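In: here's a sequence, model it:
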Amino acid sequence: MLRIQSIYYMSVEDITSSHAPEPGTEADSDYYDSDGEPCPGWYFDLGSPGCLPDSTLGPFDNPRDGWMEVTDSGMLVHPTFEAGQDGQRTRHALIIPDMDEDRIPYFIEIDATTNIGIGILHDWGHSFINADRYWCGWKVEDAPMINESSFINIARHGCGSGSWMPAVTYVQARQILQYADRLDDYFNDSGIEFENVIGDETSLDFLACRVASLLCESVAQAIDLEADTMRHMMEDRA
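Out: The predicted model follows:
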């Protein structure tokens, strides 16, 4: 199976200076259209590692959308592991930089504790990400795609800022309390002290909002921390 070897931008000047047709011949490069006109944009070289490209796809308006279109043809490769009779599984979610078209999507690993929190959010019915918890890893076809915008505001500004209203709306927040046993396990595993969960709340409604907010914010912060680490690694390699 072919893989993405490189992603790069070609301007009209790049194309005409480096891939100009020989005098008297028609332009047949990947960077020209059928009328022989240069096509500036983002391009993806596909092939086997360490070999010359087998094909070039493009142009695309930006790296993110180009990456999504190219990988949709079956070249999206999740980090996987063998899970016995279940076959190949993954604990990695695909993060989509929906607020920045100049970056490509990337994988992050969802650890066991964050996975518990994701499961509670899913069962609560007001999750801020489109994902359920994994059991021995997700099947690759079920692995979630998570938009950066879905967790960054919650992680950095908190639910009380209006970033996630279900966590601060009484009727919705109270529903989270039915998962008290799982919440207890999650907060313990996350290192969140019981006293911090209870706080100084004086009513069940206030307590429910605090619990729901702590759950959403801690899950979002865990995802954001992993995503931020990966973003820095990608920048260092650029």
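In: so how far is residue 5 from residue 47?
Out: According to CB to CB, to the nearest Å, residue 47 and residue 5 sit 5 Å apart. C-beta: built from backbone N, CA, C; applies to glycine.
In: now for the lowest-mean-pLDDT helix or strand in the chain, which elements pack on it?
Out: Least confident helix or strand, the chain: helix 194-198 with a mean of 80, by mean pLDDT, DSSP states H and E. With contacts taken as 3 or more CB pairs under 8 Å, 6 or more residues apart in numbering; DSSP states H and E, helix 194-198 sits against helix 204-237.
In: buried residues in the helix it packs on, which are they?
Out: Along helix 204-237, these residues count as buried under the neighbour rule (16 or more other CB atoms under 10 Å): 207-224, 226-227, 231.
In: let me see the contact set for the residue most central in space within the chain.
Out: The chain has residue 95 as the residue nearest its centroid, 0.7 Å off, counting by CA atoms, centre = their mean. Counting by CB atoms under 8 Å, 6 or more residues apart in numbering, residue 95 touches 105, 106, 107, 108, 145, 146, 147, 148, 227, 230.
In: let's see that with 10 Å instead.
Out: Taking CB atoms under 10 Å, 6 or more residues apart in numbering, we find residue 95 in contact with 103, 105-108, 144-148, 150-151, 223-224, 226-227, 230-231.
In: secondary structure element holding it?
Out: Remark: residue 95 resides in strand 92-96, with elements defined by DSSP states H and E.
In: immediately after that strand, which helix or strand?
Out: Strand 92-96 is succeeded, C-terminally, by strand 106-109 (DSSP H and E).
In: parallel or antiparallel, list what pairs with that next one.
Out: Pairing partners of strand 106-109, with direction, according to DSSP bridges: strand 92-96 (antiparallel).
In: just the angle between the partner strand and helix 204-237, please?
Out: In terms of direction (axes from the mean of the first three to the mean of the last three CA atoms, to 10 degrees), strand 92-96 departs from helix 204-237 by 80 degrees.
In: in strand 92-96, what's buried?
Out: 92, 93, 94, 95, 96.
In: can you redo the residues you listed as TSV with pLDDT and distance to residue 52?
Out: Output for the buried residues of strand 92-96, formatted as TSV (pLDDT from 0 to 100; distance: CB to CB, whole Å):
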residue	pLDDT	distance to residue 52
92	95	30
93	95	33
94	94	28
95	95	31
96	94	30
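In: okay if I get those as TSV plus distance to residue 43?
Out: As requested, those are exported to TSV (distance: CB to CB, whole Å):
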residue	distance to residue 43
92	26
93	27
94	22
95	23
96	21
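In: just the closest of those residues to residue 137, please.
Out: Here the nearest of these to residue 137, counting by CB to CB, is residue 92; it sits at 9.0 Å.
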